[in-house]
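Enquirer: when you get a sec, could you give me coordinates for this:
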Amino acid sequence: MTPTKYELLLVDDELANLQKLERTFMGHYGIHRARSGEEALEILARVPVDAIITDQKMPGMTGIELLERSQKHRPDIVRIVLTGFTEVDDLIAAINTGKVHKYLTKPWEPDSLRLAVRDALEKMELVRENERLAAQLQSANERLRTENILLRREMESRTYPRAMIHGSPEMEHILGLLRRVTGTETTVLVQGETGTGKELIARFIHAESNRKDRIFIPVNCGAIPKDLVESEFFGHAKGAFTGATQDKKGYFEMADGGTIFLDEIGEAPPELQVKLLRVIQENEIMPVGTHQPRKVDVRLIASTNRDLRAEVEAGRFRQDLFFRINVFSVTIPPLRERTGDILPIAEFFLRHYSLKLNRPPGHFTAETRQLLLGYPWPGNVRELQNEVERLVLMAEPGKPIGPELLGDHIRRHHTAPLSAGGDLKSAIRSLEEAMIRETMARCGQNRSRTARELGISRQSLLEKLRRMGWPD
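Expert: Alright, predicted model coming up:
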């Protein structure tokens, strides 16, 4: 062991015993002496010692009392007490409560005491090193988390242009409404079916706002496990729970100065709804394990594919939170109700995926364009995006994209209508499959929700999907 690597504080009211302790450790460690508990605490307040070795019986303050009070100054140092056999019960209780690391009974041998102190210091060093490494890992994880969000923001900004792709008067009207609030701090609620582009609207609001140069953080309220919700949204302090080795920022603190987008807020659990209300009302958060609120400056945009008024009436969504987020609300029509957007969006994704896949862009034939326009797109923009990506993969690079490459369900929508002269059983099955496809797309491929909307059991839906050849 390197001499004077560690600093020891030796405490005994009897001078002869104190001198014996000093001789035991002289040349091995830096030494500080005290003749009482009070004097020892005064030294602790100004000297960064690594261990205290103290006698138990001293006038005024016992050794256990000294070690207990020393934790306020230096909670991480080694605490050793020297005692007689008659005090062992008190010491065991002190060890169980963490006040004492080790005790040695009198009379003690110098070699045994040196060995005990060395072992205790080595264990302390290992604990300190583990804590240091854990802190570095936590810091690195936090940095990577922030960098990932920023990188995703940069990549998404390349994927989605600042100007909203549209061609319909319906979307032009909505964008006109949104421009009235983009320069304000007003909370915006974006409503619409799954896949209609609610996040794109949120990004449009952010890009047109005074916070456009600050961070934009999208969070899916229904995708975070319930036991992690509070920590993920509001952060936590070191030691708040098992595994909380360092302080951690939540989404709201990471978004400070920017915009946070709470996607599908209707799926937020009740516990989160209460906390969100506090953030909106007070502009402050309370990280898990802390007692002091922290101020945050965040622009809030929320979205939902649910009827929040109905959710409030059913008791699944807080009425006071609904009133807070429903300051300015817009509803994005489904793609089937704004057909003027279909071709501009399809052309955009055609260029995007051609560039992404490093292929010369082709073009849609007139018949393909007609089929795209005539399909109702139950999955909305997301379904159109997936279809165009598939078309780019299937088409010959740089060649026209004909209707034969379109998905069967799109072509069947036009080429296989129900007719009075057809086979009844086949017609019913075709209608059933069309309804299942449309509902699956509208429900974001969620089978439980699809079954509920169709009014059948989940098992019945799974059987029908297997019969249709639906992928597992």
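
Enquirer: drop to CA atoms for contacts and neighbour counts, all remaining ones
Expert: Will do.

Enquirer: low-confidence ranges, the stretch 151-300 of the chain, go.
Expert: 151-163 (pLDDT under 70).

Enquirer: what segments of it are helices?
Expert: 169-178, 198-207, 229-234, 251-254, 270-282 (DSSP state H, counting those that start in this stretch).

Enquirer: can I get these in CSV with distance to V296 and mean neighbour count?
Expert: Shown next, in CSV, are these (distance: least, Cα to Cα, whole Å; neighbours: other Cα atoms under 10 Å):
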stretch, distance to V296, mean neighbour count
helix 169-178, 24, 15
helix 198-207, 17, 22
helix 229-234, 10, 21
helix 251-254, 6, 23
helix 270-282, 8, 16
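
Enquirer: nearest to T304, out of those?
Expert: Nearest of these to T304, taken as Cα to Cα: helix 198-207 at 8.4 Å.

Enquirer: contact partners of that closest one?
Expert: Outside helix 198-207, the residues that touch it by Cα atoms under 8 Å, 6 or more residues apart in numbering are 160, 162-164, 178-179, 182, 190-192, 212, 216, 218, 259, 261, 263, 301, 303, 332.

Enquirer: any of those residues buried? List them.
Expert: 160, 164, 178, 182, 190-192, 216, 218, 259, 261, 263, 301, 303, 332 (16 or more other Cα atoms under 10 Å).

Enquirer: what is the nearest of these to I342?
Expert: Nearest to I342 among those, with distances taken as Cα to Cα, is M164, at 12.9 Å.

Enquirer: centre-most residue in this structure?
Expert: E232 (4.1 Å; Cα atoms, centre = their mean).

Enquirer: for stretch 56-63, measure first residue to last.
Expert: Stretch 56-63 has an end-to-end distance of 4 Å (Cα to Cα, to the nearest Å).

Enquirer: same question for that stretch, mean pLDDT?
Expert: Computed over stretch 56-63, the mean pLDDT rounds to 88.

Enquirer: so what touches that stretch?
Expert: Stretch 56-63 is touched from outside by D12, D13, S36, G37, E38, T54, D55, I64, V81, L82, T83, with contacts defined as Cα under 8 Å, 6+ apart.

Enquirer: try stretch 306-319
Expert: Q191, G192, E193, G266, P270, Q273, F322.

Enquirer: now do the contacts for the fifth one.
Expert: Which is P270. Contacts of P270 (Cα under 8 Å, 6+ apart): R316, F317, R318.

Enquirer: mind redoing it with 10 Å?
Expert: L276, G315, R316, F317, R318 (Cα atoms under 10 Å, 6 or more residues apart in numbering).

Enquirer: closest to L355 out of the residues you listed?
Expert: Proximity of the contacts of P270 to L355 (Cα to Cα) peaks at L276, which lies at 40.4 Å.

Enquirer: that closest one contacts V229, doesn't it?
Expert: No: look at L276 against V229 with Cα atoms under 10 Å: they stay out of range, at 11.2 Å.

Enquirer: what do those two both touch?
Expert: Between them, L276 and V229 share these contacting residues under Cα under 10 Å, 6+ apart: A268.

Enquirer: how about the helices of the stretch 351-472 of the chain, start to end?
Expert: Going by DSSP H, counting those that start in this stretch, the stretch 351-472 of the chain shows helices at 366-374, 380-394, 408-415, 424-442, 447-454, 458-467.

Enquirer: for the record, mean pLDDT for the third one?
Expert: Throughout helix 408-415, pLDDT has a mean value of 78.

Enquirer: still on that earlier bit, among the contacts of P270, name the buried ones.
Expert: By 16+ other Cα under 10 Å, those give L276, R316, F317, R318 as buried.

Enquirer: can you name the two of those residues that are farthest apart?
Expert: L276 and R316 (15.0 Å).

Enquirer: quick check: pLDDT value at P471.
Expert: 62.

Enquirer: for A40, same thing?
Expert: 90.

Enquirer: the closest residue to it other than its chain neighbours and H73, how far apart?
Expert: Excluding its sequence neighbours, the residue lying closest to A40 (Cα to Cα, 6 or more residues apart in numbering) is A34, at 5.3 Å. Taking Cα to Cα as the measure, A34 and H73 are separated by 16 Å.

Enquirer: these two: which is more packed in?
Expert: A34 (19 against 14; other Cα atoms under 10 Å).

Enquirer: so that one sits against D12, correct?
Expert: Yes: contact criterion Cα under 10 Å: A34 and D12 qualify, at 6.7 Å.

Enquirer: which residues do the two both contact?
Expert: Common contacts of A34 and D12, defined by Cα under 10 Å, 6+ apart, comprise L18, A40, T54.

Enquirer: of those residues, which belong to helices?
Expert: When DSSP state H defines the helices, the subset of these inside them is L18, A40.

Enquirer: name whatever forms a beta bridge with the nearest residue to V78 once chain neighbours are set aside.
Expert: Excluding the flanking residues, the one nearest V78 by Cα to Cα, 6+ apart is A51, at 4.4 Å. Beta-bridge pairing for A51 (DSSP bridges): L8, V78.

Enquirer: count of residues packed around A51?
Expert: Neighbours around A51, by other Cα under 10 Å: 21.

Enquirer: do the same with L133
Expert: 12.

Enquirer: what's the neighbour count on Q19?
Expert: Q19 is flanked by 13 other residues according to other Cα under 10 Å.

Enquirer: give the contact list for it.
Expert: Q19 makes contacts with L10, D12, R33, as judged by Cα under 10 Å, 6+ apart.

Enquirer: mind checking how far it is from G27?
Expert: 14 Å.

Enquirer: ok, I43 next?
Expert: 21 Å.

Enquirer: who has more neighbours, these two?
Expert: Higher neighbour count among I43 and G27: I43, with 16 against 12, using other Cα under 10 Å.

Enquirer: find me the pLDDT at the more buried one, would you?
Expert: We note a pLDDT of 91 for I43 in this prediction.

Enquirer: ok, now which ones touch it?
Expert: Shown in contact with I43 (Cα under 10 Å, 6+ apart): L9, H32, R33, A34, G37, V49.

Enquirer: looking at those, which are in strands?
Expert: Of these, the ones assigned to strands by DSSP state E are L9, H32, R33, A34.
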